[in-house]
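**Q** No letters, just coordinates:
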């Protein structure tokens, strides 16, 4: 891993100095879904190896995925707010039920590629930073991303328009509104329930990250992969202000610096992991994993991309703006409008 390699390379240079400067600190971290690539490839090695190594063993952390703790995800912000959880990671849209502004940077159809997704995330970061600090007493430490969210179907799908009449598992309100605008039916299912649902035709398709679907072996119960990025499922990395204020300032500076590096590494890997997920699900020779799926790869056409954009303009964006506050819509137009060439109306 890139972060682990950097940690090992810098150990000799930084270890002794940091060991003298940083007070001993033990942290507890609730990470994202433990079976998926962001946790396995980045979060877990970061907290369990990189942080102890770069601190000369002065700062250590225990980390578990929120799913391993019997949590669903949406409760994480409230538990950090109350100080029950110290450090936590979760997908932004988990918190959309509390405030629709949490959907702003990841509306279905908003960011067609990872470069745009990063731009809108960075542009809106100060809004979330202020929101969480003032309302939830939670300090935002970074926002990373999953690979592109694409369609896994156990049905013949050759174009985006073929989703009409299909039952599609979605993981957010914006995805649901997108599917319904196409004439499909949105079905809410937990990630762990998708494999049997696809296998038993409870749903025809399901949306998730290309690599996430591969890690969960969705290729075993799906026949067609429509590789059109719908959205990205950005994740917040945050800490309870109660816990943060108890930590020595030197350790806080150290942690923020290293978390920023981890977040940048996740973003840098997102495009490659998107491609690798698509290649491995479809059995491409470019897949570097031993196990390969046999799904039919459906490359998005210009008509698919145009339809994605049109549905976003006609349905997804107006519906989101209607349920968000005037300040929320103004923030979207001011910060994101120039990047994506859109204007929301309240």
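**A** Right, received. Where do you want to start? Note that the structure is predicted; figures quoted are calculated from it, not measured.
**Q** Pop the domain breakdown of the chain in here.
**A** Domains of the chain are assigned by automatic domain parsing as 2-147+233-274, 149-231+284-340.
**Q** for this structure, which spans come out with low pLDDT?
**A** 1-20 (pLDDT under 70).
**Q** With respect to residue 346, which of the domains of the chain lies nearest?
**A** Of all the domains of the chain, domain 149-231+284-340 sits nearest to residue 346, with 4.7 Å by C-beta to C-beta. Placement of C-beta: from N, CA and C, glycine included.
**Q** Now mean neighbour count and distance to residue 346 too, for the domains of the chain, in a markdown table please.
**A** Putting the domains of the chain into a markdown table (neighbours: other C-beta atoms under 10 Å; distance: least, C-beta to C-beta, whole Å) gives the following:
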| stretch | mean neighbour count | distance to residue 346 |
| --- | --- | --- |
| domain 2-147+233-274 | 19 | 12 |
| domain 149-231+284-340 | 19 | 5 |
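**Q** now stretch 282-289, how far from the centre of its chain.
**A** 23 Å (C-alpha atoms, centre = their mean, to the nearest Å).
**Q** and the end-to-end length of that stretch?
**A** Chord length of stretch 282-289, first to last residue, is 12 Å (C-alpha to C-alpha, to the nearest Å).
**Q** Can you list the neighbours in contact with it?
**A** 214, 219, 225, 275-276, 278-280, 292-297 (C-beta atoms under 8 Å, 6 or more residues apart in numbering).
**Q** Out of those, which comes closest to residue 206?
**A** Closest to residue 206, out of all of these and judged by C-beta to C-beta, is residue 225, at 11.0 Å.
**Q** Can you verify the closest one is assigned to a strand?
**A** Yes: using DSSP: H, G, I helix; E, B strand; the rest coil, the assignment for residue 225 is a strand.
**Q** just to revisit the earlier point, would CSV of the contacts of stretch 282-289 with secondary structure and distance to residue 130 be doable?
**A** CSV is the format used below for the contacts of stretch 282-289 (DSSP: H, G, I helix; E, B strand; the rest coil; distance: C-beta to C-beta, whole Å):
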residue, secondary structure, distance to residue 130
214, helix, 37
219, helix, 42
225, strand, 39
275, helix, 35
276, helix, 36
278, helix, 37
279, helix, 40
280, helix, 40
292, coil, 45
293, coil, 43
294, coil, 48
295, coil, 43
296, strand, 46
297, strand, 42
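**Q** Please identify the helix or strand for residue 30.
**A** Residue 30 is located in strand 25-31, with elements delineated by DSSP states H and E.
**Q** That strand pairs with which strands?
**A** strand 59-65 (parallel), strand 87-91 (parallel) (DSSP bridges).
**Q** in stretch 339-346, what counts as buried?
**A** 340, 342, 344 (16 or more other C-beta atoms under 10 Å).
**Q** right, and the second one touches residue 336 too?
**A** I take that to be residue 342. Yes: between residue 342 and residue 336 there is a contact under C-beta atoms under 8 Å: 7.3 Å.
**Q** Find the residues that touch each one of those two.
**A** residue 110.
**Q** any chance you could map the strands in the stretch 101-250 of the chain?
**A** Assigned by DSSP state E, counting those that start in this stretch, the strands in the stretch 101-250 of the chain fall at 138-144, 149-153, 167-170, 185-188, 205-209, 224-226, 235-240.
**Q** Next, the angle from the fifth one to strand 149-153.
**A** Using axes from the mean of the first three to the mean of the last three C-alpha atoms, to 10 degrees, the inter-axis angle of strand 205-209 relative to strand 149-153 is 150 degrees.
**Q** roughly how far out does strand 205-209 sit from the chain middle?
**A** Worked out by C-alpha atoms, centre = their mean, strand 205-209 lies 13 Å from the chain centre.
**Q** Could you do stretch 307-325 as well?
**A** 20 Å.
**Q** ok, residues contacting that stretch?
**A** With C-beta under 8 Å, 6+ apart, stretch 307-325 has contacts from 100-101, 103-104, 107-110, 112, 160-161, 174, 177-178, 181-182, 228, 230, 329, 332, 342, 344-346.
**Q** what about 6 Å?
**A** 100-101, 103, 107-109, 160, 174, 177-178, 181, 329, 344, 346 (C-beta atoms under 6 Å, 6 or more residues apart in numbering).
**Q** how about the helices of the stretch 201-346 of the chain, start to end?
**A** Under the criterion DSSP state H, counting those that start in this stretch, the stretch 201-346 of the chain contains helices at 210-215, 241-246, 249-281, 302-311, 317-323, 326-331, 337-340.
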